[in-house]
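Student: with the sequence up front, the predicted model follows.
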Amino acid sequence: AAVYMDADREAIAAWPETDLEDGPGPQSLAYVMYTSGSTGAPKGVMIEHGGVCNRLKWGVEFYGLNETDRVLQKASFAFDASVWEIFEPLIAGAQIVMAKPRGRIDVEYLADLMAAQQVTVAEFSPSLLRALLENEKLARCRALKRVFSGGEVLPPDVVRACSAQSRAELYNTYGPTETSIDVTHWKCGGESADNVPIGRPVAGMCVYILDERMEPVPPGMPGELCIGGIGVARGYLNAPELTADRFVADPFSGVPGARLYKSGDLARHRRDGAIEFLGRKDQQVKIRGFRIEPGEIEAALRSHPAIRQAAVVPRENGRGDSRLAAYLVAADRAPPADQDLRRFLRERLPDYMVPRAFVFLDSIPLTQSGKVDRRALPSPNGDSRPAAPKIETVESRVTEIWESVLSVQPIGADDNFFDIGGDSLTAVELMRRTEQAFGERIALSTFLGGPTIKDMAAALVRQRIAPDRSLLVKVQPGDGKPPFFFLHGDFFNGGGFYTINMARYIGADRPFYALAPHGLNGTAVPPTVEAMADDYIEMLRAVQPHGPYYVGGFCSGGSVAYEIARRLESQGEGVALVVLIAIPARTAFYHRALRAIGGAGSVIGLDAKQRVNVFLRARNMGLRLRRLYRSVRAAQPSPRINRTPPRHMPSRNDPIFGAYGRALSAYVPKRYPGRVLCLWPEQDKINGRDATAGWGRVACALQFQLIPGEHGNCVKYHLKTIAEHMRRAILQAEDGASPEHS
C-alpha cells in the first residue's frame, strides 16, 4: 500500500516510537510452497526459517561459494530450488544472473546467457541438462564449474556425457518440498552403474530407510525413505489429517517432539553407505519435475462415456525422458479420437498430466493377484492408430526429425505437434534440427499457425520461393463465431506459444488469431502506434470484413490493440471487446528505457537486454527505470559483451526494439467509448493514485481486474485465470450485459 508522508503525517506521528519487535526465529514460518500430493490436489507445505537457514548455510560452506561466483537463477518461484538460487549467492556475496521466465527451458538462450555472463554455478533437471549437453553452444560456457541436478532421476548416461563434455563438477541432489530444499547430495563421477546414487544427508538432516513397521532395513534391502532433522516442514497448511499421516514421531533422534517425514519414496543403502533412489512406494511419478499421481488421470479417463478401463504409466522414450502413456479399453461404442481425449482431459487436469500416447486394448493385462500388470503393457509405439501414410520426400524427412525429437512413432502428416507431446523446449530443438537438415529457418510464428508435418513441409518449400513475412497466425479454427485477434507482444521468442492454450481455455468453438510484432519476420516497423494499428486492421479485415470485432493484447500488444479498436470504432465498425493485459495507459517513460536500449544496442549488446528483462519485472518501476535509463545512456563498449544474439532471436532485434520504443513512447491513448477489460498483475505496482493504471481516464466502459503474478510471468503461470476472465467478458459482450466492475 502507498504511504503519503504529507497527507498521513498525523497518523504516522501517532505510532509508538519504541523499537520494532525482533525478527523471526528458527521456528517461525518462512514460506508456504504448494506441491501436488497423492491425490493430485495441491498441498501447502509450511517451511520454517530454521530448516531453510540450515540448508543455505551448509550449501555456502560445503561448496565454497564466494564472491567470485556467478549463480544462474532460473527456477520458478513456485519451486523451492529458487530459494537457494537467490539466497545462497546473497549470503556468500556472489552475483545472481537471472534468466528471463520464458527462457528457463530454452537451451539456446540459457547457453548464450551462461557464456555471456560467465556463470559458474547452475542447476538443471536431468531432462534439461541432457538437452544442454546435446547443444554445441555449451562448449562456450567455460566458466561453469559446478552443476546441480534434481527433480527427476538422473540417468547414468547423462552423467557420463557431462563428464566428457564439461569440466564442471556434477552433483545429484534429492529433497522433497516437505524437507527444506535438499536432503541428500552426491558428487558424480564416470558412472557405470544402472543407478546414480542420491548420496548422503546434508548437515542437520537424517535419512532412514524403514520397513512397514518403521524399523531400519539391512543395507541393500529396499524400504521407505524417511527424513528427519531441522529441515522437516511444520506440516501441510489447513490439512491436519494429512500432516499426521505423513509427519510422524521420530523414534531415533532422542529429541522430544522430533518428527520424521515419510516421503513415500523407495530407496536402499549401498555397501559404502550411499543411498540409491528406487522409485515411488505408490504409483506416484515425476514427469519433468511435476509430481503426478497416475490414479488421478485414470479416474478422469474412466469418467469419459466411451472409456471402460484405464491404466496410465510413465514410459521412457529412449533418451532418458519419461512421458505418460494411457492404456484404454473402450466401452460399447467406437473409441474416441486422441485429440478428443486430450481436449476432455484438459478440461479436468493440468496440461502436464495429459498423456502423450493413447493405446486402445481389448483388455488390460492383470497379475495373478488381480492387479494391473504394468510390465505386460505394450510399447505405446505399437498403438492401435493406423500407420502414417506414405508422403512425399520433404514430408518424409520432416517426419524422421519429428519422430527423433519427440520419440514417438508413428506420427501422421496431420498430427498436431502440441497434441502429441510437443512443448516450447522441444519446439526450439525441432527448429534447430530442421534448419540443420534443410538450411532454411522457419519462424516460430509460422510453425505455430501450422504445427503439423504437412504444414512444416509446405512452409519449407514456400520459404525457398518467397520467405513468409505474414504476422497473422491462425491458432484455432473455431466454429462459426466471430474470431478473437490477439497481439501477443512476444519480442524474444517470436512465437507467442502461450496463445495456443489461451485459445483452448477461451473455448474451442472460438476462432483465434495471433498477431506477431512488426519486424520479427523481416517486415518494417511502422513509425507510430497508429500506423501499426492501420497495418493490423488490414490483416483483420482480410479475415473478418466487418464487426463485431474482438481484439486484445499483452504488454506492448495491448497498446496497439487499444488503438486498433479505437480506429475501427471511428470507421463505423462495431468492436465488441478490447482486452488489455499488463500494460498501463501511458507508457512513455516505460518505453523510453526500451528506446535507449534499442538505440544503444550495438554498444550495450545482450547484457543490457538481459538487465532490462529483469528490470522491467521490478516492483518499484518508477525509480528503478530512471536509474536504468541513466545507466543505459551512459554505457560504454565492453570487450566482454557477447554481440551474437540467440538463434531464436532475429538478427535485427536491436533496431526492432528501438523502433517499438520510439513509437510507444510517443503514443497517447485517446478516449474510447467501447467495452474494455484491463487485466493487471497484482504484484506490479501501479504508479500514482489512479487504481486503473490510467485506463479509467480514457476508456468509458472499463472493467479493471487484478490477476495473479507479475508482468514477467502472468501469461505463463496464470493463463487459465486470464483466459477465464476473457471468456466471461466475451460472453457478457455477446449478451450485451454491462461490464462487471472490480
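Tutor: All right, it came through fine.
Student: and Ala311, what is it in contact with?
Tutor: Going by CB atoms under 8 Å, 6 or more residues apart in numbering, Ala311 touches 294, 298, 326-327, 364, 372, 374, 377. All C-beta atoms are positioned from the backbone trio N, CA, C, and that covers glycine.
Student: for those, point out the one with the lowest pLDDT.
Tutor: The lowest pLDDT within the contacts of Ala311 belongs to Val372, with 68.
Student: in the stretch 201-350 of the chain, where is pLDDT below threshold?
Tutor: The model of the stretch 201-350 of the chain has pLDDT under 70 over residues 282-284, 286, 288-289, 291, 293, 295, 317-321, 333.
Student: related to what we said a few turns ago, so which of the contacts of Ala311 sit within strands?
Tutor: 326-327 (DSSP state E).
Student: how about TSV for the contacts of Ala311, with neighbour count and distance to Phe252 added?
Tutor: Shown next, in TSV, are the contacts of Ala311 (neighbours: other CB atoms under 10 Å; distance: CB to CB, whole Å):
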residue	neighbour count	distance to Phe252
Pro294	23	33
Glu298	21	37
Ala326	25	42
Tyr327	25	42
Ile364	17	42
Val372	19	36
Arg374	16	34
Leu377	17	40
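Student: buried stuff in stretch 62-74?
Tutor: 63, 65, 69-74 (16 or more other CB atoms under 10 Å).
Student: start to end distance for that stretch?
Tutor: 22 Å (CA to CA, to the nearest Å).
Student: show me how far it is from its chain's centre.
Tutor: Distance of stretch 62-74 from its chain centroid, counting by CA atoms, centre = their mean, to the nearest Å, is 24 Å.
Student: again, but for stretch 104-121
Tutor: Stretch 104-121 sits 17 Å away from the centroid of its parent chain (CA atoms, centre = their mean).
Student: again, but for stretch 245-256
Tutor: 37 Å.
Student: using PDB, write out every CA atom in that stretch.
Tutor: Coordinates of the C-alpha atoms in stretch 245-256 are reproduced here as PDB (Å, rounded to 0.1, in the frame of the first residue of the first chain):
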ATOM      1  CA  ASP A 245      -0.200 -39.300   8.300                       C
ATOM      2  CA  ARG A 246       3.000 -38.000   6.600                       C
ATOM      3  CA  PHE A 247       4.800 -36.400   9.600                       C
ATOM      4  CA  VAL A 248       5.300 -38.900  12.400                       C
ATOM      5  CA  ALA A 249       7.200 -39.000  15.700                       C
ATOM      6  CA  ASP A 250      11.000 -39.700  15.200                       C
ATOM      7  CA  PRO A 251      11.900 -42.700  17.400                       C
ATOM      8  CA  PHE A 252      15.600 -42.500  16.600                       C
ATOM      9  CA  SER A 253      16.700 -38.900  17.500                       C
ATOM     10  CA  GLY A 254      16.000 -38.900  21.200                       C
ATOM     11  CA  VAL A 255      14.900 -35.200  20.900                       C
ATOM     12  CA  PRO A 256      11.500 -34.500  22.400                       C
END
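Student: what comes up buried for it?
Tutor: 246-247, 250.
Student: same question, stretch 329-345
Tutor: Neighbour-count burial for stretch 329-345 [16+ other CB under 10 Å]: 329-330, 335-336, 338, 341-342, 344-345.
Student: re earlier: include secondary structure when you put the buried residues of stretch 245-256 into CSV, please.
Tutor: Formatted as CSV, the buried residues of stretch 245-256 follow (DSSP: H, G, I helix; E, B strand; the rest coil):
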residue, secondary structure
Arg246, helix
Phe247, strand
Asp250, coil
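Student: need those residues in CSV with distance to Phe87, can you?
Tutor: Output for these, formatted as CSV (distance: CB to CB, whole Å):
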residue, distance to Phe87
Arg246, 26
Phe247, 25
Asp250, 27
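Student: show only the entries of the buried residues of stretch 62-74 found in helices.
Tutor: Of those, the ones assigned to helices by DSSP state H are Tyr63.
Student: now render the buried residues of stretch 62-74 as TSV, adding distance to Phe704 and pLDDT.
Tutor: Formatted as TSV, the buried residues of stretch 62-74 follow (distance: CB to CB, whole Å; pLDDT from 0 to 100):
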residue	distance to Phe704	pLDDT
Tyr63	47	95
Leu65	44	96
Asp69	44	97
Arg70	41	97
Val71	38	97
Leu72	37	97
Gln73	32	95
Lys74	33	91
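Student: between the buried residues of stretch 62-74, which is closest to Ala11?
Tutor: Checking the buried residues of stretch 62-74 against Ala11 by CB to CB gives Gln73 as the nearest, at 38.5 Å.
Student: can I assume the closest one is in contact with Ala99?
Tutor: Yes - with contact defined as CB atoms under 8 Å, Gln73 counts as touching Ala99 (6.7 Å).
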